[in-house]
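[1] A structural model of the following input is requested.
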Amino acid sequence: MPDPSFFNKSILIVEDEDIIRETLSEFLAGEGFEVATAANVTDALNLVRERDFDVGICDVQLPDGDGVQLLRRLHRLNPAMFVLIISAYATVENAVEAFTAGAFDYLVKPVIFDELVNRLKRLFKFQDLYVENQRLRKDLDRRAGFDQIIGSSRVLQDTLNTIRKVAATNSNVLLVGETGTGKELFAREIHMAGPNKDEKFLAVNCGTRPVELLESQLFGVDDGQPGLFRTAGEGTVFLDEIAQLPPGTQSELLRAIEYQEIMPAGASETVKVTARIIAATSRDLMREVADTNFQEDLFYRLDGVKIRIPPLRERLDDIPELVEYFMTRHSEAMGKRVTGATSETIRTLMAAHWKGNVRQLDNAIERAVMMCEGDEIQPSDLPPDLLGIGTALPDTDDLRSALRHYERLHITRVLKQCPDKKEAAKRLKLGLSSLYRKIEELKIEL
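    The predicted structure is shown next:
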């Protein structure tokens, strides 16, 4: 009887000898595994690009490459995949090379089925510990530093390294980024990483109207409300969408930055303030200055320490971690037990054009958790318009015409997300020359 713990576990067998490959596949499928097979390196890589596998069983000698080299490439595509190497010509040198490359185990042909099952049981126990260890590491990293900023992509880490350096100085900061990138979240982390993290963090949207209400919120009223600058003390005042600040209020803010003093409404004397200012904008402030919508002196005061918050399309590698975070949060809020997302769902999300950035992803996962009927989010649970699903195909039953139309839409979307054609070709799994040919054939306008 199959071991219940093996169900939903997936194995990729890479073996060029038909009898061994088919025998292993039949046995493992009978044990309850989901099994896929490949007879060479090329087919194996194509399968791993299409879906995730828990385990790979790879022969050392393959028609178009070496199994140990394949192991390294599999780990680059899916670091969580564990690989068993099998060989009919076992040597100490081969075993050492395999383990050095990251193999979990090494088996000698002919493979004894009972021994294979025992090795797989041990592998899955270790894999569970590995996953739990990775989760705990992430939790510790968040507690030790930027605990609400999710992701480990290179572009995000570069941004966080800049923030760490800037935060320690207590200087005023300007955050620049598209709508939905989480500028207030980054501002809070700058505050928490600064020398006055135990002081208040207070935020205001500079588009607040009427102007009198905004100014009373910021600077206070004599013998009335103190306003954010005084209430914050030595903490932080976050000014969101600074480009929308009215002209008169810009002059008051410039005084607060230059002289560290404000004039409350109705007061006859200025009041000293020491709060740090973090401003944010999704607009081009230089253009606002050129259009005389923003004071040049204030711009240069704010622009001294400027940090660009990357859009989600530049940190696609963070999407799996963000999905896990949002999924857990929304599942708990809704009282549902949604524990994961399928590989196809993740690939769908990573191919989307995130105009609304992280905020849009958060909303998409909230909707997906709400619609999810099982314990894993499926592509059908995502918002229908996320990837242009429902876009009308040509009014024809001709399959070639329909596929050509979809191909054009898909390539156009990827090129919009990734203007660098070399990188776009890589994402599309095309050669660069093939991409240029597709652009010409499909009459894609760049």
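[2] what does stretch 165-182 contact?
    149, 183, 186-187, 189-191, 193-196, 242, 257, 276-282, 285, 301-312, 354, 356-360 (C-beta atoms under 8 Å, 6 or more residues apart in numbering). C-betas here are computed from N, CA, C, even on glycine.
[3] Quick one: end-to-end length of it, please.
    End-to-end span of stretch 165-182 (C-alpha to C-alpha, to the nearest Å): 19 Å.
[4] Could you pull up the mean pLDDT of that stretch?
    Regarding stretch 165-182, the rounded mean pLDDT is 92.
[5] Would you mark the buried spots in it?
    Within stretch 165-182, the residues that count as buried by 16 or more other C-beta atoms under 10 Å are 166-167, 170, 172-178, 180-182.
[6] Then stretch 21-28?
    Neighbour counts over stretch 21-28 (16+ other C-beta under 10 Å) mark Arg21, Thr23, Leu24, Ser25, Leu28 as buried.
[7] again, but for stretch 345-360
    Thr345, Ile346, Thr348, Leu349, Met350, Ala351, Ala352, Trp354, Gly356, Asn357, Val358, Gln360.
[8] Tell me where the stretch 151-300 of the chain has helices.
    Under the criterion DSSP state H, counting those that start in this stretch, the stretch 151-300 of the chain contains helices at 154-167, 183-192, 211-219, 228-232, 247-259, 285-290, 296-303.
[9] Need the ones you listed in TSV (columns: distance to Leu71).
    TSV is the format used below for those (distance: least, C-beta to C-beta, whole Å):
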stretch	distance to Leu71
helix 154-167	24
helix 183-192	38
helix 211-219	60
helix 228-232	55
helix 247-259	57
helix 285-290	50
helix 296-303	49
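[10] Quick one: closest of those helices to Leu45.
    With C-beta to C-beta as the criterion, Leu45 lies closest to helix 154-167 of these, at 23.1 Å.
[11] and the angle from the closest one to helix 183-192?
    Counting by axes from the mean of the first three to the mean of the last three C-alpha atoms, to 10 degrees, helix 154-167 lies at 50 degrees to helix 183-192.
[12] quick one: Gln61 and Gln69, what's the gap?
    Gln61 sits 11 Å away from Gln69 when distances are taken as C-beta to C-beta, to the nearest Å.
[13] which residue is nearest the middle of this structure?
    Closest to where the C-alpha atoms of the chain average out (C-alpha atoms, centre = their mean) is Asp318, at 1.9 Å.
[14] For that one, which non-adjacent residue is closest in space?
    Gly151 (3.0 Å; C-beta to C-beta, 6 or more residues apart in numbering).
[15] hang on, the one you found packs against Glu321?
    Yes: taking C-beta atoms under 8 Å as the definition, Gly151 is a contact partner of Glu321 at 5.5 Å.
[16] Between these two, which is the more surrounded one?
    Gly151 (21 against 15; other C-beta atoms under 10 Å).
[17] got a list of what the more buried one touches?
    Neighbouring residues of Gly151 by C-beta under 8 Å, 6+ apart: Arg315, Asp317, Asp318, Glu321, Leu322.
[18] just Leu123 next, same as before
    Val55, Phe82, Leu84, Phe104, Asp105.
[19] Could you measure from it over to Asp222?
    Separation of Leu123 from Asp222 (C-beta to C-beta): 72 Å.
[20] what about the strands in the stretch 1-150 of the chain?
    Applying DSSP state E, counting those that start in this stretch to the stretch 1-150 of the chain gives strands spanning 10-14, 34-38, 55-59, 61-62, 65-66, 82-87, 105-108.
[21] could you dump the ones you listed to CSV with mean pLDDT, distance to Leu435 and mean neighbour count?
    Formatted as CSV, the strands of the stretch 1-150 of the chain follow (pLDDT from 0 to 100; distance: least, C-beta to C-beta, whole Å; neighbours: other C-beta atoms under 10 Å):
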stretch, mean pLDDT, distance to Leu435, mean neighbour count
strand 10-14, 93, 28, 24
strand 34-38, 92, 26, 19
strand 55-59, 92, 30, 25
strand 61-62, 90, 29, 17
strand 65-66, 86, 25, 16
strand 82-87, 89, 32, 23
strand 105-108, 87, 40, 17
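[22] which one of the ones you listed lies closest to Lys443?
    Checking the strands of the stretch 1-150 of the chain against Lys443 by C-beta to C-beta gives strand 34-38 as the closest, at 36.4 Å.
[23] What strands line up against the closest one, and which way round?
    Here strand 34-38 has these sheet partners by DSSP bridges: strand 10-14 (parallel).
[24] Show residues contacting the strand it pairs with.
    Defining contact as C-beta under 8 Å, 6+ apart, one finds that strand 10-14 is touched by 21, 24-25, 28, 33-41, 44, 47-48, 51-59, 62, 67, 70.
[25] what's the answer for stretch 427-440, then?
    Arg49, Glu407, Ile411, Val414, Leu415, Cys418, Lys421, Lys422, Ala424, Ala425, Ile444, Leu446.
[26] so the first one makes contact with Asn78?
    This points to Arg49. No: Arg49 is not in contact with Asn78 according to C-beta under 8 Å; the separation is 9.3 Å.
[27] who has more neighbours, the two?
    Each of Arg49 and Asn78 has its neighbours counted (other C-beta under 10 Å); Asn78 has more, 18 against 11.
[28] Ramachandran coordinates for the more buried one?
    Per-residue torsions, Asn78: phi -150, psi 90 (degrees, to the nearest 10).
[29] Report how many residues lie close to the nearest residue to it once chain neighbours are set aside.
    Leaving aside its chain neighbours, Asn78 sits nearest to Asp52 (5.5 Å; criterion: C-beta to C-beta, 6+ apart). Applying other C-beta under 10 Å, we find 16 residues neighbouring Asp52.
[30] residue ranges for the helices of the stretch 301-446 of the chain, please.
    For the stretch 301-446 of the chain, applying DSSP H, counting those that start in this stretch gives helices covering 319-334, 343-351, 357-371, 399-417, 421-428, 432-441.
[31] right, I mislabeled it, should have said the stretch 1-150 of the chain
    So, for the stretch 1-150 of the chain - with DSSP H, counting those that start in this stretch - the helices run 18-30, 41-50, 67-77, 92-101, 113-144.
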